[in-house]
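Visitor: Show me the folded form of this:
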Amino acid sequence: MRPDHRAQPGYLEAFARIVEKIASRLKGVNPKQLPIKLYVAGGAALHMHTGSRVSVDIDGVFSRRIVIDDDLEASYRDADGRVRVLYFDRNYNDTLGLMHEDAQADSVRINLPGLDSKVLEVRVLSALDLAVSKLSRFSDQDREDIELLAREKLIDAKSLRKRAEEALGAYVGDLASVRTSIDLACKLVESARRAK
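Guide: Prediction:
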């Protein structure tokens, strides 16, 4: 997959520079352990799918345990010419929210110019799994992101409900509040898809 045609060039360049830094540290790794996969979630994945809402950080997890640098950040100019900084969030953890067990397997490989995918393969959560990942917290921003995915016709309510309910099987926590979030999100998706 290529990033959405509306994605900000400066943001994509900063994203690619951070990923290249990570990949450069993996050059000496035993080839049998490669490629390492980076699974991207959050606002960065949303931007790749829709070209909307840039995030200040990259939420991602790796297919293997790796040691990465502390200074994984890059500056860029946004669409308005302002200087922004993008950084890799070393504290992101995909076990702290709702996530389908097949989310990584169903993620989508993203093509970044100049990146050797035989060393580091960058993958973004599918639009559906990205929406599911936002249900346990379900903040205002999460609702807006789910609504955007629906307006772009990347998700529908029936698929979202099915995937989220399947994900509940591995979830530990307050299931009642997440079930409420699923119900609210499905109504939001139905409304957003009708509105466009």
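Visitor: ok, now which ones touch the residue lying closest to R77 once chain neighbours are set aside?
Guide: Once flanking residues are discounted, R77 sits nearest to G10: 5.0 Å by C-beta to C-beta, 6 or more residues apart in numbering. Heads up, the C-betas are built off the backbone N, CA and C, glycines and all. Contacts for G10 (C-beta atoms under 8 Å, 6 or more residues apart in numbering) come out as 76-79, 84.
Visitor: Now tabulate the residues you listed in TSV and tack on pLDDT, distance to D140 and neighbour count.
Guide: As requested, the contacts of G10 are arranged in TSV below (pLDDT from 0 to 100; distance: C-beta to C-beta, whole Å; neighbours: other C-beta atoms under 10 Å):
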residue	pLDDT	distance to D140	neighbour count
Y76	97	26	19
R77	95	28	15
D78	91	22	13
A79	87	23	10
R84	96	22	16
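Visitor: Return the subset of these lying in strands.
Guide: 76-77, 84 (DSSP state E).
Visitor: re the thing from before, confirm the residue nearest to R77 sits in a strand?
Guide: No - counting by DSSP: H, G, I helix; E, B strand; the rest coil, G10 is not part of a strand but helix.
Visitor: Now do it against D80, distance only.
Guide: Separation of G10 from D80 (C-beta to C-beta, to the nearest Å) stands at 10 Å.
Visitor: Show me which of the ones in strands among the contacts of G10 is closest to K134.
Guide: Distance to K134, by C-beta to C-beta, is smallest for R84 among the ones in strands among the contacts of G10, at 22.7 Å.
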